[in-house]
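after the sequence you'll find the predicted model.
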Amino acid sequence: MAQFYSPNRRTTQRRQLTVIADSLDAAGQGVARVEGKAIFVTGLLPGEEAQVELTEDKRHFAKAKVIKRFNHSLQRVKPHCRYFNQCGGCQQQHVDISLQRESKAKALQHLMARETGSNLEAIPVISGEAYGYRRRARLGLQYQLKNKHLVMGFRQTQSNTLVDIKTCPVLHPALDALIQPLSECLNQLSIAPKLGHVELINADNSKIVLIRHLAPFKISDRKLLADFEQQNNVSIWLAGDEDKLQSLTPSTLIPEYQVAGEVLQFNPLNFIQVNAEINQHMVKQAIEWLDIKCDDRILDLFCGMGNFTLPMARLAKFVVGVEGVENLVERATNNAKRNSIYNTAFYNENLEAQIDTQPWAAEGFNKVLLDPARAGAAGVMEHLIKLMPEKIVYVSCNPTTLARDSKQLLEAGYRLLHLRMLDMFPHTSHLESMALFILSPEG
């Protein structure tokens, strides 16, 4: 019998080597260097030596996993979460929080220096509590047909499989306490196979459970949910599609949160900053950097429902908030009225259009704040520069787009005066920041 060669039968031994990590990157990977090449090793901390196996080998860098660790860093700590080795929600609970913050700040500083030439330290880091900080979280739902069980939790690392969690230490304690009873309740519903995901929200005046569903709820299901709502003192909201949202039990209570003394109402589908403590610090820092005076006209781009706008308006002559989402503009306008703030105006605009030529920009602005989404503000920068404000505060959830947009400001005559890392999401690879630009005299 002839035996044919098959390339699939060949096995390639992955290269193994011994390395010592000398630093930590923003994603929590140890960085070792072998013959000038950076090797990123998951789970290895600075000063630790280990035998590793390469999982990816490129020309300028490689990735590896630990086979055997030979020593123990003093900055290695015991994770608070029992699902740490399974759940992909947090990557750095094994790292001392001070090292996490230092590494992210250095990563931000390095990126900005490389891309813009501005070598500013991103410290002191704006930080808060390392656990119990999340006031909002989305948990996935997967129905296992074989054992008729609805799994509720977060995805495993690099997988679509969910970890069936019963507790989560980074959630606000009020939300953490809901996980197990909510899982038990949802598993009793006849509609369980048709549920999408749930969101837990801790507003200042209520606890909210938002349920995405792909089919109508039966009367028996609504009864189970109503009992859960009453027993756990929560408000349940049902979202059948992107545009339709209804409360399970009719109520006049509107969710709200407080920032810098202002009370903002929001719809459970609206974006709010996940970390309430850092949001307070962030708004305070922005106000300090802008050094707001009573004759200032300020432009707040990507203003949302007024998170920065209203606190700034307390100090300025006038603040214009511009937002691309129409219902957020309506919400911001109502929030201003509720707080008896009358020196603001909000507009729904395409933020990549020529904002400098709009009627509301005719009087100009001497200061600007912008807080764009991850894509940054590439389409906004050229129009913003035409306004020539003396100060610009840029709040960013993506350091790459911050660096890109910063180049345009620097080329237009602005100078980067301050840079800060925001520890909005401890134990994760998310890196948020804020920067202050001032117009140079020669600009």
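Alright, I've got the coordinates. Numbering: from 1, shown residues only.

can you tell me what sits against stretch 30-43?
Stretch 30-43 has contacts (Cβ atoms under 8 Å, 6 or more residues apart in numbering) with 17, 19-25, 28-29, 44-46, 48, 50, 52, 54, 60-66, 94. C-beta coordinates here come from the backbone N, C-alpha and C atoms, glycine included.

which residues of the chain score low on pLDDT?
1-13, 242-243, 442-443 (pLDDT under 70).

domain-wise, how is it divided?
The chain resolves into domains spanning 13-76, 103-128+275-439, 136-247 when parsed by automatic domain parsing.

spatially nearest residue to S429 (excluding sequence neighbours)?
Computed as Cβ to Cβ, 6 or more residues apart in numbering, the closest residue to S429 that is not its neighbour in sequence is A27, at 4.0 Å.

can you check A64 too?
Using Cβ to Cβ, 6+ apart, the closest residue to A64 is V52 (4.0 Å).

do I have it right that that neighbour meets K65?
Yes. Between V52 and K65 there is a contact under Cβ atoms under 8 Å: 6.4 Å.

who's more crowded, the two?
For V52 versus K65, the count of surrounding residues by other Cβ atoms under 10 Å is larger for V52: 29 against 14.

element containing the residue nearest to S429, please.
A27 is located outside every helix and strand, with elements delineated by DSSP states H and E.

top helix in the protein by residue count?
Identified as the longest helix of the chain according to DSSP state H is helix 97-116.

buried set for it?
Residues of helix 97-116 classed as buried by neighbour count (16 or more other Cβ atoms under 10 Å): 97, 99-109, 111-112, 115-116.

out of these, which one sits closest to G364?
T116 (26.4 Å; Cβ to Cβ).

roughly how far does that closest one sit from E184?
Distance, T116 to E184, by Cβ to Cβ, to the nearest Å: 52 Å.

now do Q273
From Q273 over to E184 the distance is 30 Å, taken as Cβ to Cβ.

settle it for me: which of those two has more neighbours?
A count of neighbours by other Cβ under 10 Å puts Q273 above the other of Q273 and E184, at 22 against 13.

residue contacts, the more buried one?
Per Cβ under 8 Å, 6+ apart, neighbours of Q273: 279, 282, 307, 424.

and A276, by the same measure?
Going by Cβ under 8 Å, 6+ apart, the list of residues near A276 reads 133, 135, 257.

could you dump these to JSON lines with distance to I191, secondary structure and neighbour count?
Formatted as JSON lines, the contacts of A276 follow (distance: Cβ to Cβ, whole Å; DSSP: H, G, I helix; E, B strand; the rest coil; neighbours: other Cβ atoms under 10 Å):
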{"residue": "Y133", "distance to I191": "32", "secondary structure": "coil", "neighbour count": "22"}
{"residue": "R135", "distance to I191": "27", "secondary structure": "coil", "neighbour count": "23"}
{"residue": "Y257", "distance to I191": "31", "secondary structure": "strand", "neighbour count": "21"}
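
okay, these in a markdown table with distance to E363 next?
Output for the contacts of A276, formatted as a markdown table (distance: Cβ to Cβ, whole Å):
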| residue | distance to E363 |
| --- | --- |
| Y133 | 40 |
| R135 | 37 |
| Y257 | 32 |
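
nearest to P359, of those?
Y257 (32.1 Å).

would you agree the closest one is in contact with N270?
No. Y257 lies out of contact with N270 (Cβ under 8 Å); the separation is 10.6 Å.

next, the buried residues of stretch 409-416.
Neighbour-count burial for stretch 409-416 [16+ other Cβ under 10 Å]: 409-410, 412, 414, 416.

quick one: those residues as CSV, columns for distance to V320 too.
CSV is the format used below for the buried residues of stretch 409-416 (distance: Cβ to Cβ, whole Å):
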residue, distance to V320
L409, 20
L410, 25
A412, 21
Y414, 20
L416, 25
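
from the residues you listed, which land in helices?
Per DSSP H, the subset of the buried residues of stretch 409-416 in helices is 409-410.

biggest separation within the buried residues of stretch 409-416, which pair?
A412 and L416 (12.3 Å).

can you give me the strands for the stretch 1-150 of the chain?
16-20, 23-24, 29-34, 37-42, 49-57, 61-69, 136-144, 149-155 (DSSP state E, counting those that start in this stretch).

what's the closest of the ones you listed to P124?
Of those, the one closest to P124 (Cβ to Cβ) turns out to be strand 23-24, at 18.7 Å.

ok so, going back, output the domains of the chain as JSON lines; include the columns distance to L264.
Shown next, in JSON lines, are these (distance: least, Cβ to Cβ, whole Å):
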{"stretch": "domain 13-76", "distance to L264": "31"}
{"stretch": "domain 103-128+275-439", "distance to L264": "5"}
{"stretch": "domain 136-247", "distance to L264": "9"}
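
paired strands for the helix or strand where L210 lies, with orientation please.
Remark: L210 resides in strand 207-213, with elements defined by DSSP H and E. The strands beside strand 207-213 in its sheet (DSSP bridges) come out as strand 195-202 (antiparallel), strand 235-241 (parallel).

in the helix or strand that it is followed by, what's buried?
Counting by DSSP H and E, the element after strand 207-213 in chain order, helix or strand, is helix 219-232. Judged by neighbour count (16+ other Cβ under 10 Å), helix 219-232 contains these buried residues: 221-222, 224-225, 228-229, 232.

what number of residues lie near A313?
24.

that one is in contact with I341, isn't it?
Yes. Between A313 and I341 there is a contact under Cβ under 8 Å: 5.1 Å.

quick one: the helices in the stretch 201-350 of the chain?
Taking DSSP state H, counting those that start in this stretch as the criterion, the stretch 201-350 of the chain carries its helices at 219-232, 276-290, 309-313, 326-338.
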